[in-house]
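> can you look at this prediction? I've put the sequence above it.
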Amino acid sequence: MSKNFYAEQMEELTQQVQNLLENANKEMVTLLDSRIQLQNQNTNISSFLNDVMVKAGEEETDQAKLLNEVTLKLKQYVASEPARINNTIAGIEQRRLAYNGCADLIMETKYSIIQNVDKESRIRKAIEDGTINEPRETGTRPEKLRDIRNTMSDITKDSSNTSATERFSDENNFIEQGEIAEENI
């Protein structure tokens with residue numbers, strides 16, 4: 001896997017989160033538009049009044065009782081509608097905050113992945129060039145032995161094209177060098 005693959009995957013994920021954020025923003029604009037609110041209220045109240053008219057025509061009811069019921073339900077609707085709108089706005093705001101947080105985390109992860117891939121590439125190149133054991137300049141940090149060993153093991157995994165005798169002789173050469181180094185101590 002290359003740096004480009006991870007970067008492309010993170011970029012695609014970022015784009016998906018941005019699309020979700022844009023949809024939430026559109027919902028917020030729609031919700032805050034007074035014309036749309038009035039249209040929704042008109043639809044809801046008209047539907048309710050039509051139901052009441054049908055009920056009044058079907059049953060013989062006390063007109064005063066029916067009027068009180070209708071008035072009470074209309075008052076409840078008018079009182080609850082602003083709270084419903086405020087709750088919906090709060091929910092959309094929470095989604096927008098979550099989407100922004102996700103986008104930030106994705107960008108941080110993308111940056112971290114790119115840094116790690118760059119470091120591995122730099123170590124791999126240094127191992128292949130043979131410059132990993134050269135003295136370093138003053139003020140530069142050495143590569144971690146763990147990172148070097150991991151990269152070396154990746155290289156040996158990648159070198160599956162070499163024959164078994166070549167790998168055996170390379171391993172013996174490495175072991176002999178280690179033994180010589182231990183004898184010198």
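Great, that's in hand.
> when you work out contacts or count neighbours from here on, use the C-alpha atoms and nothing else.
OK.
> what about the nearest residue to Thr30 once chain neighbours are set aside, distance to Asn19?
Closest residue in space to Thr30, ignoring its immediate chain neighbours: Ile36 at 6.9 Å, by C-alpha to C-alpha, 6 or more residues apart in numbering. In this view, Ile36 and Asn19 are 23 Å apart by C-alpha to C-alpha, to the nearest Å.
> what helix or strand is the residue nearest the centre of the chain located in?
Central residue of the chain (C-alpha atoms, centre = their mean): Cys102, 4.3 Å from the mean position. Following DSSP states H and E, one finds Cys102 within helix 63-129.
> ok, back up a step: quick one: the residue nearest to Thr30 from Ala24, how far?
16 Å.
> what about these two, which has more around it?
When Ile36 and Ala24 are compared for neighbours, Ala24 comes out ahead with 19 against 12, by other C-alpha atoms under 10 Å.
> any weak-confidence spans in the protein?
1-3, 56-61, 133-136, 142, 159-185 (pLDDT under 70).
> at 90 instead, please
1-14, 17, 27-86, 88-89, 102-185 (pLDDT under 90).
> what's the strand or helix carrying Phe5 packed up against?
According to DSSP H and E, Phe5 maps onto helix 3-32. Contact partners of helix 3-32 among helices and strands, from 3 or more C-alpha pairs under 8 Å, 6 or more residues apart in numbering; DSSP states H and E: helix 63-129.
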